[in-house]
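K.L.:
how does the following fold in three dimensions:
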Amino acid sequence: MSDIEAKKFSDEWSRDINGAEIVSGRYKTSGAARGALEAGVARALSASLERASWAQCRALGCFLGLAYFAAGSRRRALAVDNISRALDLNRAQSLRIARRSAQNWGMTTCEFLRSPSVSHREIREYVDFQGAHHLETALEAGRGAIVVTAHLGNWELLASTVAREFKSAGIVRPLSNAAAQNLMARVRRANQIALISKNAAVRPSLKWLKSNGTLIVLPDRHAGMQGELLPLFGRPTRFENSPVRLSLLSGAPILMAYGARRAPWLRDGHIEARILPAFSPQAATKNERAAATTQGTRRVIAELEAMVRAYPDQWSWMLRRWRDSDALSR
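P.N.:
I've put the predicted structure just below:
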């Protein structure tokens, strides 16, 4: 990809619904060649998957996930350590869960790249979607709704299924690889998901909720120093409290959701998408908002932990959710 082509590709997809950049400012020109190569491979894979079946996506994804798991020694060690400490398991048990988590990641990636080429009917046949009535009820108040999920199962097909039924926007975390970020933006927009940059999310998110839209948020990555210091599986981390803050500001209820993969993964592997009943954090005054934010975020964490304990091999354990600096900040 030439520099001119790369810039054209970037300009086309690099802004969210409010005109904000969705490519990290940390992106360096020196990484353009590598980024273009990675995105080129992903686009070639996406094109080949357009004619594939879901079963073929899972088979290829399983292979890619295992290959990445075998080659990525640092991420593999991180995942095993995260699992053993969070779930109190021995190394053999943790290694097995980590390996299957990598397989699920590969399957999810291939299914995600294929998803723009499939019909609404095909999505509904592959995704068993239950709990939509909870979202319908939440939207009746006219204040929008906040769907909170995690990097578990196939979170992308969960979001796509919600977006095909309800006007939806997702808050996206900018990547330093511009080409990869823009490819992901193209696929998500093809799946009818509007995008809001995490770096400038408050105003466009509130505007979206005011229009009675559904906002999809995945808060289970390390939130940086602006995150709230709370325990996740008993270990302190900087957790994203924006879903609760937005709920308190807008009056939009929060609904937890997940899209778990059905076993056996290769022979079946369909996605069981579930939206759970809504809850609304309460703060009578502005002074009570901080305490309500913490209480609501603790509830989000508790429900997320329950999801992970139910499907431990479907969570993305290779992410650095816990940092040494967080433990020192207590």
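
K.L.:
so where's the protein shaky on pLDDT?
P.N.:
1-14, 19-36, 39, 330 (pLDDT under 70).

K.L.:
again, 90 this time
P.N.:
Across the chain, the stretches falling below the confidence threshold (pLDDT under 90) are 1-48, 50, 173-183, 199-201, 283-287, 327-330.

K.L.:
what's the first helix or strand after the longest helix belonging to the chain?
P.N.:
Longest helix in the chain by number of residues, with DSSP state H as the criterion: helix 91-114. On the C-terminal side of helix 91-114, the closest following helix or strand by DSSP states H and E is helix 120-126.

K.L.:
my guess is residue 227 contacts residue 239. True?
P.N.:
Yes. At 5.3 Å, residue 227 counts as touching residue 239 under the criterion of C-beta atoms under 8 Å. All C-beta atoms are positioned from the backbone trio N, CA, C, and that covers glycine.

K.L.:
so those two - more neighbours on which side?
P.N.:
Set side by side, residue 227 and residue 239 show more neighbours around residue 239, with 23 against 18, by other C-beta atoms under 10 Å.

K.L.:
now the more buried one. Nearest residue, chain neighbours left out?
P.N.:
In space, not counting the residues next to it along the chain, residue 239 is nearest to residue 230; the distance is 4.9 Å by C-beta to C-beta, 6 or more residues apart in numbering.

K.L.:
where's the one you found, which helix or strand?
P.N.:
Of the helices and strands defined by DSSP H and E, residue 230 is found in strand 228-232.

K.L.:
from residue 121, how far off is the closest residue to residue 283 other than its chain neighbours?
P.N.:
Excluding the flanking residues, the one nearest residue 283 by C-beta to C-beta, 6+ apart is residue 292, at 3.8 Å. Using C-beta to C-beta, to the nearest Å, one obtains 42 Å as the distance from residue 292 to residue 121.

K.L.:
how about stretch 91-102: buried residues?
P.N.:
Buried positions in stretch 91-102, judged by neighbour count with 16 or more other C-beta atoms under 10 Å: 94, 95, 97, 98, 99, 100, 101, 102.

K.L.:
my guess is the last one contacts residue 318, does it?
P.N.:
So that's residue 102. Yes. Contact status for residue 102 versus residue 318: in contact at 7.2 Å, counting by C-beta under 8 Å.

K.L.:
shared neighbours of these two, anything?
P.N.:
76, 79 (C-beta atoms under 8 Å, 6 or more residues apart in numbering).
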